[in-house]
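Peer 1: quick one: sequence plus predicted model below, questions after.
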Amino acid sequence: MKLKPSTLYKTLLNKFGPQKWWPVDEVYHKKNNSDPRFEIIIGAVLTQNTAWSNVEKAVNNLKKRDMINIDRISNQKLDNIKELIKPSGFFNQKAVRLQTLSIFLRDRYKGDLDVFFSRETDVIRKELLSLKGIGPETADSILLYAGGKPVFVVDAYTRRICQRIPFETDISYEGIQRFFQNELSESFSKRDLNKVYNELHALIVVLGKNHCKKKPVCSGCPIEEFCEKLV
DNA sequence: GTCCAGGGCCGTT
DNA sequence: AACGGCCATGGA
């Protein structure tokens, strides 16, 4: 039996339960002029190849200074941003990335995320990818978790799992993304897609952390029966 | 001490 | 196009 993405979703959800990553409506309290979507955007950049626990420290430092704010990140001296986000690692590049992105949003969209996200997904995606420091995964995380767009996020775990199962797809970013989106958009109703993409990506991360590590821990893995244990 | 995280850029083949 | 080195902190 071949494993389908929709089956993977149901299996993982059943095994691990909802992960509740960035549930936009839950966090949706406007405080000190800070848009929760911008906090998600910042998190998406800071979490690049970094443990989430470290990102939380950095985000909390920014919050204390009311820096979850497009204008304030845009205007702040780079050294100050570096200091605040230090716990998230790679702080020299990430400070630049945050500021570049903020200045882009400020100058192009007057810092209005409603306007920014109101457009065609592909258009937004290309804009994000044109910024230094925003690659496919960060762009798609921003689109999905901050923008509420139905976009499936592919990460290192997803790639690894796709190799080991293996799914019938090339393991390029776009290849995996198309493969998942094609099958999932047929198996679920349109209004559930966002939730499915949101939850599935988070569930895959849990599977990766618990079982599908570099050195696989197959005992207790919910999809072991489908796995050819390659790579 | 070693390994590795919710990647992406840049230089070299 | 594909690959390797690099970036950095903190928890296991």
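Peer 2: Alright, I've got the coordinates. Numbers count the residues shown, from 1 in each chain, chains lettered A, B, ... in the order given.

Peer 1: switch to C-alpha atoms for all contacts and neighbour counts from now on
Peer 2: Will do.

Peer 1: tell me, which helix in chain A spans the most residues?
Peer 2: When chain A is parsed with DSSP state H, its longest helix is helix A:190-210.

Peer 1: so, low pLDDT: which residues of chain A?
Peer 2: A:23-33 (pLDDT under 70).

Peer 1: at 90 instead, please
Peer 2: Counting by pLDDT under 90, chain A shows low-confidence ranges at A:1-2, A:20-35, A:166-169, A:171, A:214-215, A:228-231.

Peer 1: near DNA strand B, which residues of it show up?
Peer 2: By Cα under 7 Å from any atom of the strand, the residues of chain A that approach DNA strand B are A:21, A:44, A:47-52, A:90, A:129, A:131-139, A:141, A:155-157, A:202, A:205, A:209, A:213-215.

Peer 1: can you select the buried ones from the residues you listed in PyMOL?
Peer 2: Buried residues among the residues of chain A next to DNA strand B (16 or more other Cα atoms under 10 Å), as a PyMOL selection:
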select buried, chain A and resi 44+47+48+129+133+134+136+137+138+139+141+155+157+202+205
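
Peer 1: what about DNA strand C: which of the residues of chain A next to DNA strand B touch it?
Peer 2: With Cα under 7 Å from any atom of the strand as the criterion, these include A:49, A:50, A:51, A:90 near DNA strand C.

Peer 1: secondary structure class for the spatially most central residue of chain A?
Peer 2: A centroid search over chain A (Cα atoms, centre = their mean) returns residue A:141, at 3.1 Å, as the residue closest to the centre. Classification of residue A:141 using DSSP: H, G, I helix; E, B strand; the rest coil returns helix.

Peer 1: tell me the contacts of it?
Peer 2: The contact partners of residue A:141, by Cα atoms under 8 Å, 6 or more residues apart in numbering, come to A:44, A:153.

Peer 1: how far away is it from DNA strand C?
Peer 2: To DNA strand C, residue A:141 is 19 Å away according to Cα to the nearest atom of the strand, to the nearest Å.

Peer 1: check residue A:218 too.
Peer 2: Distance from residue A:218 to DNA strand C, by Cα to the nearest atom of the strand: 17 Å.
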